[in-house]
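A.B. asks: sequence first, predicted model second:
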Amino acid sequence: MAGKPAEPPDSGHASSGPREQDGELAAAGEREGPLAVERHVKDGGRALILYWDTRRAEDPPRPA
Amino acid sequence: MSQLRFEELRGEEVVYAIHRQDRTFLPARDHCPLDPTRPGGAQTEIPFPAFEIAVFDNRFPAFESPFGAAEVVVYTDDHDSSFGALAPERAEALMWVWRHRYIELGGREDIDYVFIFENRGVEVGVTLHHPHGQIYGYPFLPPVPKLELAADRRLGGCAPCTLLERELRDGLRVVHENDSVVVYVPYAARWAYEAHVVMREHRASLRDCEPRELRELAGALQTLVRGYDALFERPFPYVMALHQAPTTDPAHAAAADIPAGHGHLHVEFYPPLRTAEKLKYLAGSEQGAGTFISDTLPEESAAKLREAIARGA
């Protein structure tokens, strides 16, 4: 098993800030290439990450 | 929490994840946990009424922090779609999602190998029909990447680079190519319609790919999968496996004799069908001796697959 430092993000991969609980949006502005990245924490502490293509829309695909 | 035991006779790890015995198994269409959560409906794994691509920690993980990771990658909120049926832009977006997960999981100190894969069809053990793949972050270097490392040593350099050059020179088994990617049935395919999707340039991982290469990788993968579906005019089951560079930290890699830059991004498909109705089973020779006995020649399979790709285009 390895012991290693986390690799720094490269130009196409912007790291997120800290997560919040209860499904709240955790980090604004995170990107991976053309994708927006939105992090959530589900009940029980499991991570959920939503991605959407910012070439299609700047906002996530959520009906009003 | 899973338990690892080392099987001395084969020299490999076995993972005991007994909590997975109770995982969701082929739920009814209206109880799919990978669907979006509809207004007034039961909450699913994705508590939003719509989404493009979602990744979440597996509820029944084979690996979990601080000894690895197990994630589910949901390609679309359309339950009845498939990887091959995604819009090209969505398939391209999926390449970026895979890249994001490779970089983030590979940066963790408890993960030595990031393995992205899809099991498609009940023939390969799918338990949820909603289009999705998975990612395992192994806390050790698994046997197949180790074999590829050994192939590099045997061939005196990058094995996928060498094999790609041979396949292009021979040409008999190439079924599709674009500027960035070549798809072929390998010379010594183990499965009747096994195919390898290989980056033309030496790219250790998705991290090293140019945006154009990611787009063309997505295009080649979709072309192959649509060809598979056209082959027997039915949804074609497969295991899709991405092979990339290990993410072992440099100090540990040196101790394990893993050369820097080892790895060449390629995607291997293992389809179990040998005809429209017949499955290849892993039986005595395959399981007991480790030697595949195939009923088909790769060159003949490649010719049929080329025709199917033309029909599926």
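C.D. replies: Arrived safely, thanks for sending.

A.B. asks: how about the helices in chain B?
C.D. replies: B:88-106, B:143-155, B:159-170, B:211-231, B:250-255, B:298-312 (DSSP state H).

A.B. asks: wait, what's in contact with residue 46?
C.D. replies: You didn't say which chain, so I picked chain A. B:56-57, B:59 (Cβ atoms under 8 Å, 6 or more residues apart in numbering or on different chains). In this view, the C-beta of every residue, glycine as well, is placed from N, C-alpha and C.

A.B. asks: wrong chain, I was asking about chain B
C.D. replies: A:48, A:50, B:34-37, B:54, B:56, B:74, B:77.

A.B. asks: in strands, which of the contacts of A:Arg46 appear?
C.D. replies: Residues of the contacts of A:Arg46 located in strands (DSSP state E): B:56-57.

A.B. asks: could you pull out the strands for the chain?
C.D. replies: Answering for chain A, as no chain was given. With DSSP E as the criterion, chain A has strands at A:31-32, A:35-41, A:47-53.

A.B. asks: meant chain B actually
C.D. replies: Assigned by DSSP E, the strands in chain B fall at B:3-7, B:12-16, B:53-57, B:69-74, B:113-120, B:132-138, B:174-177, B:181-184, B:195-199, B:238-243, B:266-270.

A.B. asks: among those strands, which comes closest to B:Leu163?
C.D. replies: Checking the strands of chain B against B:Leu163 by Cβ to Cβ gives strand B:195-199 as the closest, at 7.8 Å.

A.B. asks: mind giving me the packing neighbours of that closest one?
C.D. replies: The helices and strands touching strand B:195-199, judged by 3 or more Cβ pairs under 8 Å, 6 or more residues apart in numbering or on different chains; DSSP states H and E, are helix B:159-170, strand B:181-184, helix B:211-231, strand B:266-270.

A.B. asks: can you give me the buried ones in the first one?
C.D. replies: By neighbour count on 16 or more other Cβ atoms under 10 Å in any protein chain shown, the buried set for helix B:159-170 is B:159-164, B:167.

A.B. asks: per-residue pLDDT, the residue nearest to B:Tyr270 when sequence neighbours are not counted?
C.D. replies: With sequence-adjacent residues excluded and distances taken as Cβ to Cβ, 6 or more residues apart in numbering or on different chains, B:Tyr270 is closest to B:Val239, at 4.4 Å. For B:Val239, the pLDDT comes out at 98.

A.B. asks: return the residues in contact with the residue nearest to B:Ser81 when sequence neighbours are not counted.
C.D. replies: The shortest distance from B:Ser81 to any non-neighbouring residue, by Cβ to Cβ, 6+ apart, is to B:Pro131 (5.2 Å). B:Pro131 makes contacts with B:74-76, B:78-79, B:81-83, B:85-86, as judged by Cβ under 8 Å, 6+ apart.

A.B. asks: check B:Ala256 too.
C.D. replies: So B:Ala256 contacts B:141, B:248 (Cβ under 8 Å, 6+ apart).

A.B. asks: just the helices and strands packed on strand B:195-199: most buried one?
C.D. replies: Most buried of the helices and strands packed on strand B:195-199 by mean neighbour count (mean count of other Cβ atoms under 10 Å in any protein chain shown) is strand B:181-184; its value is a mean of 24.

A.B. asks: helices and strands around that one, which ones?
C.D. replies: By 3+ Cβ pairs under 8 Å, 6+ apart, strand B:181-184 packs against helix B:159-170, strand B:174-177, strand B:195-199, helix B:211-231.

A.B. asks: tell me which of those lies nearest to B:His266.
C.D. replies: The nearest among the helices and strands packed on strand B:181-184, by Cβ to Cβ, is strand B:195-199 at 4.3 Å.

A.B. asks: may I have that closest one as PDB, with CA atoms only?
C.D. replies: Coordinates of the C-alpha atoms in strand B:195-199 are reproduced here as PDB (Å, rounded to 0.1, in the frame of the first residue of the first chain):
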ATOM      1  CA  ALA B 195     -11.400  -5.400 -28.900                       C
ATOM      2  CA  HIS B 196      -8.700  -3.000 -27.700                       C
ATOM      3  CA  VAL B 197      -9.200   0.800 -28.100                       C
ATOM      4  CA  VAL B 198      -5.700   2.300 -28.000                       C
ATOM      5  CA  MET B 199      -4.400   5.900 -28.000                       C
END
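
A.B. asks: got a list of contacts for that strand?
C.D. replies: Contacts for strand B:195-199 (Cβ under 8 Å, 6+ apart): B:160, B:163-164, B:175, B:180-186, B:209, B:213, B:217, B:220-221, B:224, B:264-269, B:305.

A.B. asks: now do stretch B:61-72
C.D. replies: Stretch B:61-72 is contacted by residues A:1, B:1-2, B:4, B:15, B:17, B:20, B:34, B:45, B:55-58, B:101, B:105, B:108, B:110-111, B:132-139 when judged by Cβ under 8 Å, 6+ apart.

A.B. asks: swap the cut-off to 7 Å and go again
C.D. replies: B:1-2, B:15, B:17, B:20, B:55-58, B:101, B:105, B:110-111, B:132, B:134-139 (Cβ atoms under 7 Å, 6 or more residues apart in numbering or on different chains).

A.B. asks: roughly how far is that stretch from the heart of the chain?
C.D. replies: Centre-to-centre, stretch B:61-72 and its host chain are 17 Å apart (Cα atoms, centre = their mean, to the nearest Å).
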